[in-house]
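Asks: Sequence below, structure please.
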Amino acid sequence: MGGVDKGLKPLRGRPMVAWVIERFAPQVDPQAAGFVRLKELARLAADAARERTRQMVALYDAEIAQNDAAFGALLDELDRREPAGATAVLFTSDHGEEFLDHGGWRHADTLYEEVLRVPLLLRLPGGAHGGRVIEAPADQIDVVPTLLDLAGVAVPSELPDASWLPALAGGAPPDGESLAWLEHPSLSLAAAARDGWKWIRNRGGWRPPLSRGADELYRLALDRGERTDLARREPLRRRWLAGRLDAAAERFGAAAGAEVEIDPELDRALRALGYL
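Replies: Next up, the predicted model:
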């Protein structure tokens, strides 16, 4: 990770948010174009819906640019205070966004790659192993074991998944399997990806906007956009990935099903973010 992108530095006396909107979303009114819902898009004529989608993508690009510059400023300040780079920095995201990629809008409704595929970057103290890229998939569940390992704290045996530090040092990456679950009162989705293939299971009364079936199978190595469902053509591959998902659910079941007490402060924060 580097410092601030000099091209994203705001002009003197102008707030960053206004400047990035002018650069990435000129002539887009954030108040008019933002926070549109799928049903509102459906009421628009085709050309108007495409234009509204373009405006939302432009605003999203501006948001990414603003966060990129702000995060770069944070790294620059860390480097100023600690020239030796004594601080480890991990950068990731909770989810991506869909802009009609599969007929839907925003996130938390599907497990397609536009929602699941997020950055995971780790800057080690002193720049150790800098520039190393690992192609194998990592999951967010790997973050805690990695940070504990980095801090020299023993990773509890009951903690799911493993540290990525050995892989960064040149060793074999953990497992190579990527798993995801999404639960709502109206839907239950799960996905397993391995060896360039991905299987999605759709349960409940809700189905993705493009009326996908109860099971979907994609060869991500050749179909990154998940356009060609191979579930009917590759039944053995589908069953194999379904078995991997069932085994993982059984392995994680006790931890995943355990009740967690939410204190009042966390409850307020989750409600403010719209998660409760």
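
Asks: Just give me the neighbour total for residue 127.
Replies: Using other Cβ atoms under 10 Å, residue 127 has 10 neighbouring residues. For glycine as for every other residue, the C-beta is placed from the backbone atoms N, C-alpha and C.

Asks: Could you pull up phi and psi at it?
Replies: Main-chain dihedrals, residue 127, degrees, to the nearest 10: phi 70, psi 20.

Asks: Neighbours of the closest residue to it other than its chain neighbours, how many?
Replies: The spatially closest residue to residue 127, leaving aside those adjacent along the chain, is residue 85, at 5.7 Å (Cβ to Cβ, 6 or more residues apart in numbering). Residues lying near residue 85 (other Cβ under 10 Å) number 17.

Asks: Check residue 270 too.
Replies: With other Cβ under 10 Å as criterion, residue 270 counts 12.

Asks: Could you verify my assumption that it touches residue 262?
Replies: Yes - counting by Cβ atoms under 8 Å, residue 262 is a contact partner of residue 270 at 7.2 Å.

Asks: can you give me the helices for the stretch 51-200 of the chain?
Replies: 113-116, 143-150, 165-168 (DSSP state H, counting those that start in this stretch).

Asks: Of these, which is nearest residue 81?
Replies: Set against residue 81 and scored by Cβ to Cβ, the helices of the stretch 51-200 of the chain come closest in helix 143-150, at 19.4 Å.

Asks: could I get that closest one in CSV with only the CA atoms?
Replies: These are the backbone C-alpha positions of helix 143-150, laid out as CSV (Å, rounded to 0.1, in the frame of the first residue of the first chain):
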residue,chain,number,x,y,z
VAL,A,143,-8.3,-12.2,9.3
VAL,A,144,-8.3,-12.9,13.1
PRO,A,145,-6.0,-15.9,13.0
THR,A,146,-3.6,-13.9,10.8
LEU,A,147,-3.5,-10.9,13.1
LEU,A,148,-3.1,-13.1,16.2
ASP,A,149,-0.2,-14.9,14.5
LEU,A,150,1.3,-11.5,13.6
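
Asks: which helices and strands does that helix pack with?
Replies: Where contact means 3 or more Cβ pairs under 8 Å, 6 or more residues apart in numbering; DSSP states H and E, helix 143-150 is packed against strand 89-92, helix 165-168.

Asks: Which parts of this structure are strands?
Replies: 89-92, 98-99, 105-106, 120-123, 177-184, 187-194, 197-203, 215-219 (DSSP state E).
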